[in-house]
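What would the 3D arrangement of this be:
(chains A and B)
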Amino acid sequence: MARIQPLSGFPEWLPEQELLQQRVIRHLSTWFERHGFQALTTRAVEPLSVLASKGADTDKEIYVLRRLHATDEDGDSGLALHFDLTVPFARYVSERRGDLFFPWKRYQIQKVWRGERPQQGRYREFLQCDIDVIGEQTLSLRYDGEVVRMLRDALATLPIPPVVLLVNNRKLLEGLYRGLGIEDIISVLRAVDKRNKIGDKGVAPLLSELGLADDAVSTILKAAAIEDSDPDVVEAAVRALGVSHPLIDEGLAELREVLEMSGADNVRAALHIARGLDYYTGTVVEGMMVGHEHIGSIASGGRYENLAGSMGGGPQLPGVGVSIGLTRILGYLYGAKLLINQRRSPCQVMVLLPSEDDRAACENIAQTLRSRGIATEVYHRKAGWGKQMKHASRLGIRYAWFPGNDEKSHEIKDLIAGEQADVDLATWMPSSDDTLPLILDGEELSWQGLR
RNA sequence: GUGGGUGUAGCUCAGCUGGUUAGAGCACUGGAUUGUGAUUCCAGGGGUCGCGGGUUCAAGUCCCGUUAUCCACCCCA
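From the prediction side, this is the model:
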């Protein structure tokens, strides 16, 4: 019990893993800003009433704050850690409405907390990277497409396996189910959403338990099987079901627009996707890593008509957004050793230290390189050059710098190539392909990321 | 919260039906290599066997409890 060990569900990475995560975060921030999204950070806690306010379900596992010295009469503080970034964002918007310009595009990269039992890919503390667009009164459907397209493009630039995005529309599903005379839409959605995991054979009995007739069950399953990136194919398949309802037409039209804007093979309509089950009202999207579907979705999002507005009255504030589950992605890839960062140190150059008397000269070399943006450190003590280079090599630092002086020129050794050459301190630059040396799925990869 | 599996070195694990001083590989430190890394060879350090109780002449090994962790359900990034 006195043993120090990791806390389940609260991941902490090794330095090389953290280094890569930081680069990914920086990359995504730059990417989002390049598309006009503005950064937002919200506090870690929200009043419980805010977290519980959206929709009816309060079965989310929420961590509540309580002072150590609180008495039983005091109870808890009424504050809790946020379990996603969308709800705090909506609260922020309804609070600062007057100071913001709409439509507002914001991104937010922060930790969130959920009290669920940890499992593979399921954490209690994890990072989400969100982008959302929120409008006043109305928000063009165009943003649904833009957000989905950005999600696809952002994921494609990360050093992770290829991702496929599955898109659906809640109006379409609701129309189908209402057209079949079903009242309990949520329960049907919940059952259908499990299709990927338990298959049609697993879903069918769940639907029958809800009291649905066999032909309704079979129509629902037929609809859930529809999956294609071509909107015409999807529409034809839906029409062939022979169900009619105004929401079906509306949903199909919206789905078509999203597909046409973000259209690509790796973005597909998939009618079994339900997502969230709480605040989404139209477009829903879910991303999976191809070949690694068993870990579940690594990104998801959708359209919500009035999340913020419901918090403070006033006009409607419809939004659409997506979230990338960075911890789930990296935790899985690191754990399975599918992604390895071979550099532990952020440094590119290690200046070797010939003797204590040379320390000042070595620091000067380092400062010169740093002033040109080259991350550099000086070896910490006098030691044999073999030992110094071994240390550099183990940290993944590519270049070892042999300090020169008036008689002797500086030399640099490329520890990957094994080559050593005279260099000029005033002009030397590292190779442009000296990026993060990664191994992804057994393949060597040099990933730069945006700056 | 419910059900099942597992806790031995920093990591991955071995340890037969209880029996001397608990082992291996990797990693780490030093040396061969007196100022040129990764290979090789040699040597070395490191363990309350998760914790508590019980059975026994004797417990890492058997029993009970507890705790942590993993998996499934639930739910989701």
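
show me what contacts the residue of the stretch 201-350 of chain A found nearest RNA strand B?
Proximity of the stretch 201-350 of chain A to RNA strand B (Cβ to the nearest atom of the strand) peaks at A:Gly325, 2.0 Å away. For glycine as for every other residue, the C-beta is placed from the backbone atoms N, C-alpha and C. By Cβ atoms under 8 Å, 6 or more residues apart in numbering, A:Gly325 lies in contact with A:126-128, A:297-300.

between those, which is nearest A:Glu146?
Using Cβ to Cβ, A:Ala299 comes nearest to A:Glu146 of the contacts of A:Gly325, at 15.3 Å.

How many neighbouring residues does the closest one have?
Residues lying near A:Ala299 (other Cβ atoms under 10 Å) number 24.

Am I right that A:Glu254 is in a strand?
No: secondary structure of A:Glu254 (DSSP: H, G, I helix; E, B strand; the rest coil): helix, not part of a strand.

Contacts only, for the closest residue to it other than its chain neighbours.
Excluding the flanking residues, the one nearest A:Glu254 by Cβ to Cβ, 6 or more residues apart in numbering is A:Asn169, at 5.2 Å. Counting by Cβ under 8 Å, 6+ apart, A:Asn169 makes contact with A:251-252, A:254-255, A:258, A:282-284.

separation between A:Asn169 and A:Glu33?
Look at A:Asn169 and A:Glu33: by Cβ to Cβ, to the nearest Å, they are 29 Å apart.

Let's see stretch A:241-252 as CSV, backbone CA atoms only.
C-alpha atoms of stretch A:241-252 as CSV (Å, rounded to 0.1, in the frame of the first residue of the first chain):
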residue,chain,number,x,y,z
LEU,A,241,-36.9,1.8,-47.0
GLY,A,242,-40.4,3.1,-47.8
VAL,A,243,-40.7,5.3,-44.7
SER,A,244,-41.8,8.9,-44.9
HIS,A,245,-41.6,11.8,-42.6
PRO,A,246,-40.7,15.4,-43.0
LEU,A,247,-37.6,15.0,-40.8
ILE,A,248,-36.3,12.4,-43.2
ASP,A,249,-36.2,14.9,-46.0
GLU,A,250,-34.6,17.6,-43.8
GLY,A,251,-32.0,15.2,-42.5
LEU,A,252,-31.1,13.9,-45.9
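
got the buried residues for it?
Within stretch A:241-252, the residues that count as buried by 16 or more other Cβ atoms under 10 Å are A:241, A:243, A:245, A:247-248, A:250-252.

Name the residues that touch it?
A:169-176, A:178-180, A:219, A:222-223, A:234-235, A:238, A:282.

Quick one: mean pLDDT over that stretch.
For stretch A:241-252, mean pLDDT is 95.

got the end-to-end distance for stretch A:429-439?
25 Å (Cα to Cα, to the nearest Å).

Now that stretch: average pLDDT?
81.

right, is that stretch up against RNA strand B?
No: judged by Cβ under 7 Å from any atom of the strand, stretch A:429-439 makes no contact with RNA strand B; its nearest approach is 11.4 Å.

Can you find the helix or strand of chain A with the lowest average pLDDT?
When each helix and strand of chain A is scored by mean pLDDT, DSSP states H and E, helix A:309-312 comes last, with a mean of 67.

need the next SSE after it, C-terminal direction.
strand A:319-325 (DSSP states H and E).

May I have the strands that pair with that next one, each with its orientation?
strand A:125-134 (antiparallel), strand A:299-304 (antiparallel) (DSSP bridges).

Up against RNA strand B, what does the stretch 201-350 of chain A have?
Going by Cβ under 7 Å from any atom of the strand, the residues of the stretch 201-350 of chain A near RNA strand B are A:275-278, A:286, A:296-300, A:323, A:325, A:327-328.

from those, which would you call buried?
Counted by 16+ other Cβ under 10 Å, these give A:275-276, A:278, A:286, A:296-300, A:323, A:325, A:327-328 as buried.
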